[in-house]
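Participant: sequence first, then the predicted structure, then my questions.
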Amino acid sequence: MITLIQLSDCHLLKDKDKTGYAGIAPYDSLARVLSDIQNYIVQKVANAPEQRAKHQVVVLVTGDISGDNSPESYQHFIALMEQHIESTNIKWFVLAGNHDNNSYFEKYLGSRHLQSNDSLSLCNWQIHGMDTRATSNMHTAAGEVKESDIQALEQSLTRSPQVNHLIALHHHLLPSNSWMDKHFLADAQRLVSLTGFYPQIKAFIHGHIHSPLRQQIGKHNTPSYGAPSTCWQWEMRPEFGVSNEVPGYQVINLMDDGSVDVSVVRVKLS
């Protein structure tokens with residue numbers, strides 16, 4: 001079995017102590033979430049090499065790592081990941097979100113950037129990362145599907161039809177019926193249509209909406225799982241709203257038969 005631990009929308013700031021919505025300091029909340037993940041890894045997966053071979057664990061951060069485009073925000077992130085995740089000898093990767101549309105993301109995290117032309121192969125699963133940052137407007141919160149990503153995905157899906165595929169991205173594919181839909185993913189239908197041609201696509205995971213949104217995509221009802229944020233949470237309603245839910249992350253178990261089991265873990269801050 002493969003366990004993919006997904007965290008998203010960290011919104012780290014230059015000032016570690018600065019708070020945002022719901023009075024949450026993103027640095028402190030991410031530190032608490034990562035500490036919880038570290039404990040989960042230690043408890044669930046033995047350090048013995050033979051156990052690691054049977055139960056692979058990977059951490060994936062699905063974008064909006066920074067909240068202010070500062071180099072310090074990425075430096076804080078790397079320090080926390082080294083402290084809590086690298087200490088467990090677990091591999092970790094990142095995707096870019098709309099708030100990571102800056103040069104510092106590549107400078108500090110380029111080597112960890114999971115991209116569509118270099119998927120992660122684990123047993124009989126391939127995990128694909130998509131870069132949905134807008135190219136026409138660096139300051140928009142909306143995203144776009146790039147032709148290069150579609151081509152890379154189709155090549156991989158065609159080459160490996162017997163393998164289970166998971167596609168990870170920052171933005172949500174379908175409308176969430178909330179105020180966050182104004183920050184939509186342009187050309188999302190390109191991805192939706194792929195599910196009709198390639199049933200080996202078993203799931204999508206994303207961030208962006210700060211909520212565990214659950215949807216079904218395309219003719220095969222491919223499941224899509226939105227993740228909570230590691231800081232503040234959004235209300236899924238037409239008007240802007242901050243939820244009273246606490247920060248969290250997702251534990252995604254990828255089974256050998258292609259099925260997916262997803263659970264949300266919430267982390268209290270006090």
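Facilitator: Happy to help now that I have it. Numbering: from 1, shown residues only.

Participant: so which elements touch the strand or helix carrying residue 35?
Facilitator: Using DSSP states H and E, the secondary-structure element containing residue 35 is helix 26-44. Using 3 or more CB pairs under 8 Å, 6 or more residues apart in numbering; DSSP states H and E as the contact test, the elements touching helix 26-44 are strand 2-7, strand 56-62, helix 71-84, strand 248-254. Where you see a C-beta, it was placed from the backbone N, CA and C, and this is true even at glycine.

Participant: dump these to a markdown table, plus mean pLDDT.
Facilitator: Output for the helices and strands packed on helix 26-44, formatted as a markdown table (pLDDT from 0 to 100):
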| stretch | mean pLDDT |
| --- | --- |
| strand 2-7 | 97 |
| strand 56-62 | 96 |
| helix 71-84 | 98 |
| strand 248-254 | 97 |
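
Participant: tell me the pLDDT at residue 49?
Facilitator: We have a pLDDT of 58 for residue 49.

Participant: let me redo that: residue 96
Facilitator: On pLDDT, residue 96 comes in at 97.

Participant: that one against residue 103, yeah?
Facilitator: No - at 11.7 Å, residue 96 and residue 103 do not qualify as touching, with contact defined as CB atoms under 8 Å.

Participant: the two: which is more packed in?
Facilitator: Ranked by neighbour count (other CB atoms under 10 Å), residue 96 and residue 103 place residue 96 first, with 29 against 9.

Participant: now do the contacts for that one.
Facilitator: 63, 105, 113, 131-133, 170 (CB atoms under 8 Å, 6 or more residues apart in numbering).

Participant: do residue 170 as well
Facilitator: Residue 170 neighbours (CB under 8 Å, 6+ apart): 8, 62-64, 95-98, 130, 132-133, 143, 206-208.

Participant: try residue 187
Facilitator: Contacts here follow CB under 8 Å, 6+ apart; on that basis residue 187 touches 144-145.

Participant: number of nearby residues for the residue nearest to residue 234 when sequence neighbours are not counted?
Facilitator: Closest residue to residue 234 apart from its sequence neighbours, by CB to CB, 6 or more residues apart in numbering: residue 210 at 4.1 Å. For residue 210, the neighbour count with other CB under 10 Å is 28.

Participant: likewise residue 145?
Facilitator: Neighbours of residue 145 under the rule other CB under 10 Å: 22.

Participant: quick one: it and residue 188 touch, right?
Facilitator: Yes - counting by CB under 8 Å, residue 145 does reach residue 188; the two are 6.2 Å apart.

Participant: hmm, residue 115 is touching residue 129, no?
Facilitator: Yes - the pair residue 115 / residue 129 is scored as a contact, 5.3 Å apart, by CB under 8 Å.

Participant: compare the two and say which is more crowded by neighbours.
Facilitator: The neighbour count for residue 115 versus residue 129, taken as other CB under 10 Å, is higher for residue 129 (26 against 17).

Participant: phi, psi of the more buried one?
Facilitator: phi -100, psi 140 (degrees, to the nearest 10).

Participant: got a list of what it touches?
Facilitator: Applying CB under 8 Å, 6+ apart, the residues near residue 129 are 60, 93, 95, 113-116, 119-120, 168-169.

Participant: from those residues, which land in strands?
Facilitator: The members of those that map onto strands under DSSP state E are 60, 93, 95, 120, 168.

Participant: who are the contact partners of the second one?
Facilitator: Shown in contact with residue 93 (CB under 8 Å, 6+ apart): 58-61, 112-114, 120, 129.

Participant: most neighbours out of these, which is it?
Facilitator: Within the contacts of residue 93, most neighbours by other CB under 10 Å means residue 61, with 30 neighbours.

Participant: since that was my last question, I'll sign off now.
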